[in-house]
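In: next comes the sequence, and after it the predicted model I'd like to discuss.
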Amino acid sequence: MCHFFIITDIQSLHFINFKMTGQIKTDYSYASGCGVYDLENWGYSTGLIKAGGIPEEILPDIVPSTGIIGELTKEAADALGLSRKVMVACGGVDNSCMALGARNIAEGRVYTSLGSSAWIAVSSKNPVLDIEKRPFVFTHVIPGMFTSAVSIFSAGSSLKWVRDHLCANLQKEASEKGVDVYEFMGEIACRSPVGSNKLLFDPSLAGGSSQDPSPHIRGGFSGLDLGHSQPDIIRSCMEGVAMNLGLVLDVLRKFCSLSEEMMMVGGGSRSSVWRRIFADVYNMDIIKTNIGEDAGSLGAAAVGAVGSGMWKDFSRIDDVHRILETVKPVKTDVEKYRKIRRAFECLRNCQKEVGELLHG
């Protein structure tokens, strides 16, 4: 019989810190995702630890994200080509670092990360706890704050599916013109009006999150007729992603007073067409800055800057961001999307029923 002994629980952050300093430490944001953390009391939960049968001594000590846990070991300094005097801050979980890098440094600030999947996160002094919708919540890297988020599983992935299966001709044409295919698809989508000529798209191609009606929900087009064309299909996909995120955004609105502007980050934020759609669906100002896909990296760097004393606090984040565009909602289009939303909610519920029937 083999016996296994766990000396300590090491995850990616802890391992990197250990390799650099010889110290195994975690921060509040990383600890908050370990499964035995008490969000409201800022520490490990004795009750959860006992219920899980986990030896409490295996859990790493919690320090602030900006806490200096040591200097580089000789091995790390040699491998990295750096001085041994380099100080190492503990760091934080990716979600909280991204929130910091996306300017979520004050109560109610909110951003949308539009990538393969997508989520909307708000920073607040209280965690958004909803037993039904179950947003994912982490302690922020900023002391005294939390970052709470809602999500959909297939955002950019849905548009990629449309590209791969319904837009082979556009891929070829974009390649011949030497332009980005998604940019080209956006131009084509603009030939279709708001509402995509009454074509709806549910982007649940990867199933449903806890904010969706069912994990078994699946995606699909609805209202398709002989009059629809490729521009309608592309635009309806982009609108469907925005509409679905608009619905889950309501979970956060129920608990928090949100800023009037929404920061957009991630690869999808490069699309001016998508930013316009989001402004009208959310009925919020959409902010695009120079940071884009580097929000997580900026947040991690800012943690190091504050920990080392280079920055006094995190307010410098705003100085790093340079606003490239602010897209304001158009009232007439906001109203159009408000009417379409009722049909989209109906589609979502129907897709839930179909998904559960197919699941058996």
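Out: Perfect, I can see it now.

In: so where's the longest helix in this protein?
Out: When the chain is parsed with DSSP state H, its longest helix is helix 331-359.

In: elements contacting that one?
Out: When contacts are defined as 3 or more C-beta pairs under 8 Å, 6 or more residues apart in numbering; DSSP states H and E, helix 331-359 packs onto strand 200-202, strand 220-222, helix 230-255, helix 272-282. For every residue, glycine as well, the C-beta is placed using N, CA and C.

In: in JSON lines: these, plus mean pLDDT and distance to residue 344.
Out: Output for the helices and strands packed on helix 331-359, formatted as JSON lines (pLDDT from 0 to 100; distance: least, C-beta to C-beta, whole Å):
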{"stretch": "strand 200-202", "mean pLDDT": "98", "distance to residue 344": "6"}
{"stretch": "strand 220-222", "mean pLDDT": "97", "distance to residue 344": "9"}
{"stretch": "helix 230-255", "mean pLDDT": "96", "distance to residue 344": "5"}
{"stretch": "helix 272-282", "mean pLDDT": "98", "distance to residue 344": "10"}
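
In: can you tell me which of those comes nearest to residue 61?
Out: Judged by C-beta to C-beta, the one of the helices and strands packed on helix 331-359 that comes nearest to residue 61 is helix 230-255, at 31.3 Å.

In: buried residues, that closest one. List them.
Out: Using 16 or more other C-beta atoms under 10 Å as the test for burial, helix 230-255 gives 230-249, 251-252, 255.

In: turn the helices and strands packed on helix 331-359 into TSV, including distance to residue 148.
Out: As requested, the helices and strands packed on helix 331-359 are arranged in TSV below (distance: least, C-beta to C-beta, whole Å):
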stretch	distance to residue 148
strand 200-202	25
strand 220-222	30
helix 230-255	7
helix 272-282	17
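
In: just so I know, which of those lies nearest residue 69?
Out: Minimum separation from residue 69 across these (C-beta to C-beta) falls at helix 230-255, 33.1 Å.

In: which is the succeeding secondary structure element to the closest one?
Out: Sequence-wise, the next helix or strand downstream of helix 230-255 (DSSP states H and E) is strand 261-265.

In: by contact count, what packs against that next one?
Out: For strand 261-265, the packing partners by 3+ C-beta pairs under 8 Å, 6+ apart are strand 110-114, helix 272-282, strand 285-289.

In: which residues of this protein score low on pLDDT?
Out: 1-9 (pLDDT under 70).

In: just give me the residue closest to the centre of it.
Out: Geometric centre of the chain, nearest residue: residue 119, 3.6 Å, by C-alpha atoms, centre = their mean.

In: what sits closest to it if chain neighbours are left out?
Out: Closest residue in space to residue 119, ignoring its immediate chain neighbours: residue 151 at 3.8 Å, by C-beta to C-beta, 6 or more residues apart in numbering.

In: what sits against the one you found?
Out: 117, 118, 119, 120, 136, 209, 211, 248 (C-beta atoms under 8 Å, 6 or more residues apart in numbering).

In: among those, which one sits closest to residue 301?
Out: residue 119 (21.5 Å).

In: that's a strand at that closest one, yeah?
Out: Yes - the assignment for residue 119 (DSSP: H, G, I helix; E, B strand; the rest coil) places it in a strand.
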